[in-house]
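1. coordinates only, sequence not included:
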Ligand code: 6PG
């Protein structure tokens with residue numbers, strides 16, 4: 001009997017939690033997973049919600065169990081598995097059915113899949129979902145792209161299960177085809193820079209100032225009460241305070257310094273490069289993960305050079321002054337990182353014709369997602385006052401932060417650099433802020449070099465026109 005409100009294929013951690021979240025909100029969910037054992041484990045976990053779950057043993061049975069026009073969520077590993085699932089579903093789909101890819105898809109794939117759907121009758125939605133396991137279960141942030149009609153078909157369900165920020169659901173339709181997955185990719189790029197900049201400050205505290213993990217944890221917990229108030233600062237405080245039950249050491253001290261990455265941060269950097277938008281904090285964060293992975297090389301060369309961080313002493317002032325400087329440094333660097341992320345989206349919006357609603361994006365990131373914070377509420381207000389196309393660094397509120405606290409970012413980057421603590425993302429943020437406020441840069445020399453070796457031509461600042469050439473070599 002077709003009585004389920006929605007179908008969901010793929011009962012991994014994210015899929016299973018999304019299904020339970022929907023059931024929790026009163027929806028009947030038909031589920032299917034290729035490996036039966038996983039379905040059994042999920043049904044066991046469903047507990048009291050089991051009554052709202054329809055267990056099916058094939059994609060066809062799943063489609064048959066959902067009320068038409070059927071919304072079917074695919075929550076399988078991004079990549080070929082999504083195409084395979086769409087292909088299997090293909091024959092069972094009817095006009096008006098909605099296929100929703102809720103995985104971390106590359107937006108180019110989403111654009112292709114949306115194009116492949118055209119003319120087939122069913123609709124396609126690429127849904128970026130953020131918030132990890134907890135978010136999926138109790139309220140993620142969701143970024144939708146694709147057919148507007150597809151979004152409208154599932155809007156009530158998405159709004160019900162989304163995270164809530166002071167009564168506003170953190171889910172929205174953002175534009176056609178790959179818009180939702182693109183915005184999720186940039187979310188992850190910003191997530192990478194946020195995490196990296198926090199890790200760099202941790203490096204300054206640990207190696208430059210010689211602080212113990214628990215003390216650092218207290219400082220982060222305090223910062224979470226101020227303008228840095230955010231999920232990532234909060235969990236950093238908690239992580240630093242946690243002892244390892246086996247050794248009694250701080251947990252963070254026994255974790256190998258080699259970071260993993262599934263690829264979405266890298267995609268953000270690649271897309272920024274392709275679009276020609278400087279997103280140096282994201283690039284620095286991705287590169288830092290790659291450097292972290294070269295553990296053996298680092299160990300060997302640390303020995304070869306006898307390299308060690310020099311204690312910073314009171315380079316940042318007494319402890320309280322140092323904490324304030326680092327807090328301000330993080331805040332200013334965050335302005336740069338978010339300015340870059342939004343700039344990438346602004347450019348992509350124009351190139352792909354999405355008309356991305358920046359204020360809405362900032363709003364749906366205020367809760368549920370990994371980068372959720374008060375700061376995003378401030379960004380949303382900034383867009384509301386200044387308009388969606390305004391660069392963050394040009395908004396009065398953020399300009400004040402930069403004016404007031406850039407000296408602290410400079411001091412932290414300087415002290416870290418002198419001590420030998422690598423701070424690539426903080427330095428990138430500072431250089432970006434300096435660069436974006438420099439009226440007269442140094443690219444005139446780049447143009448001269450290009451013209452010298454390749455006759456590429458340049459523009460002059462004293463008259464109109466292009467394709468001028470220098471008298472190179474004539475004065476030899
Ligand atoms: C989210 C996260 C999530 C991501 C993990 C791991 O928004 O919920 O961004 O989608 O997969 O954070 O990403 P990495 O393995 O690349 O660090």
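-> Here it is on my side, so go on. Since we're looking at a predicted model, the values are computed, not measured.

2. Please count neighbours and contacts with C-alpha atoms only from this point.
-> Noted.

3. Around residue 235, how many other residues sit close by?
-> Residue 235: 15 surrounding residues under other C-alpha atoms under 10 Å.

4. how about it, phi and psi?
-> Main-chain torsions, residue 235, degrees, to the nearest 10: phi -70, psi -30.

5. gap between it and residue 198?
-> Using C-alpha to C-alpha, to the nearest Å, we find residue 235 at a distance of 11 Å from residue 198.

6. for the ligand, what are the nearby residues on the stretch 301-450 of the chain?
-> Taking C-alpha under 6 Å from any ligand atom as the contact definition, the stretch 301-450 of the chain meets the ligand at 369, 370.

7. could you pull out the strands for this protein?
-> Applying DSSP state E to the chain gives strands spanning 6-9, 29-32, 53-55, 71-74, 98-101, 123-130, 141-146, 164-165, 168-169, 171-175.

8. Of these, give the one that comes closest to the ligand.
-> Taking C-alpha to the nearest ligand atom, strand 123-130 is the member of the strands of the chain nearest to the ligand, at 3.4 Å.

9. Residue ranges in the stretch 251-400 of the chain under the pLDDT threshold?
-> By pLDDT under 70, the stretch 251-400 of the chain has no low-scoring segment.

10. Include mean neighbour count, distance to the ligand and mean pLDDT when you put the strands of the chain into TSV, please.
-> Output for the strands of the chain, formatted as TSV (neighbours: other C-alpha atoms under 10 Å; distance: least, C-alpha to the nearest ligand atom, whole Å; pLDDT from 0 to 100):
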stretch	mean neighbour count	distance to the ligand	mean pLDDT
strand 6-9	27	18	98
strand 29-32	28	22	98
strand 53-55	19	24	98
strand 71-74	26	15	98
strand 98-101	26	13	98
strand 123-130	30	3	97
strand 141-146	30	8	98
strand 164-165	18	16	98
strand 168-169	18	16	98
strand 171-175	25	13	98
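
11. mind checking which of those is nearest residue 258?
-> strand 123-130 (23.5 Å; C-alpha to C-alpha).

12. strands paired with that closest one, and their directions?
-> strand 98-101 (parallel), strand 141-146 (antiparallel) (DSSP bridges).

13. How far off centre is that strand?
-> 16 Å (C-alpha atoms, centre = their mean, to the nearest Å).

14. Nearest residue to the middle of the protein?
-> residue 188 (1.7 Å; C-alpha atoms, centre = their mean).

15. That residue reaches residue 264, doesn't it?
-> Yes. Counting by C-alpha atoms under 8 Å, residue 188 does reach residue 264; the two are 6.2 Å apart.

16. Residue 377: how many residues sit nearby?
-> Applying other C-alpha under 10 Å, I find that residue 377 has 19 neighbouring residues.

17. any idea how far it lies from the ligand?
-> 18 Å (C-alpha to the nearest ligand atom, to the nearest Å).

18. Dig out what the spatially closest residue to residue 85 that is not a sequence neighbour forms beta bridges with.
-> Using C-alpha to C-alpha, 6 or more residues apart in numbering and skipping the chain neighbours, the partner closest in space to residue 85 is residue 74 (7.6 Å). Beta-bridge pairing of residue 74 under DSSP bridges involves residue 9, residue 101.

19. Return the residues in contact with residue 74.
-> Residues in contact with residue 74 (C-alpha atoms under 8 Å, 6 or more residues apart in numbering) are 8, 9, 10, 82, 85, 99, 100, 101, 102, 103.

20. Pull the distance from the longest helix along the chain to the chain's centre.
-> Looking across the chain with DSSP state H, the single longest helix is helix 319-352. Average the C-alpha atoms of helix 319-352, do the same for its chain, and the two points are 13 Å apart (C-alpha atoms, centre = their mean).

21. Stretch 262-271 too?
-> With C-alpha atoms, centre = their mean as the basis, stretch 262-271 stands 9 Å off its chain's centre.

22. what does it contact?
-> By C-alpha under 8 Å, 6+ apart, the list of residues contacting stretch 262-271 reads 104, 106, 185-186, 188-192, 279, 282-283, 286, 344.

23. Farthest-apart pair in those, please.
-> The two members of the contacts of stretch 262-271 with the most space between them (C-alpha to C-alpha) are 104 and 279, at 20.6 Å.

24. More neighbours: the two, which one.
-> Neighbour totals were compared for residue 104 and residue 279, and residue 279 leads with 29 against 24 (other C-alpha under 10 Å).

25. Identify the residues contacting that one.
-> 269, 272, 273, 337, 340, 341, 344.

26. how near is it to the ligand?
-> From residue 279 across to the ligand, the span is 17 Å (C-alpha to the nearest ligand atom).

27. again with residue 229
-> Distance of residue 229 to the ligand, computed by C-alpha to the nearest ligand atom: 18 Å.

28. if we can go back for a sec, residue 403 is nearest to which of the strands of the chain?
-> Of these, nearest to residue 403 by C-alpha to C-alpha is strand 164-165, at 29.8 Å.

29. tell me which strands and helices that closest one is in contact with?
-> For strand 164-165, there is no helix or strand it packs on, judged by 3 or more C-alpha pairs under 8 Å, 6 or more residues apart in numbering; DSSP states H and E.

30. Could you spell out the sheet neighbours of it, each with its direction?
-> Sheet pairing of strand 164-165 (DSSP bridges) gives strand 168-169 (antiparallel).
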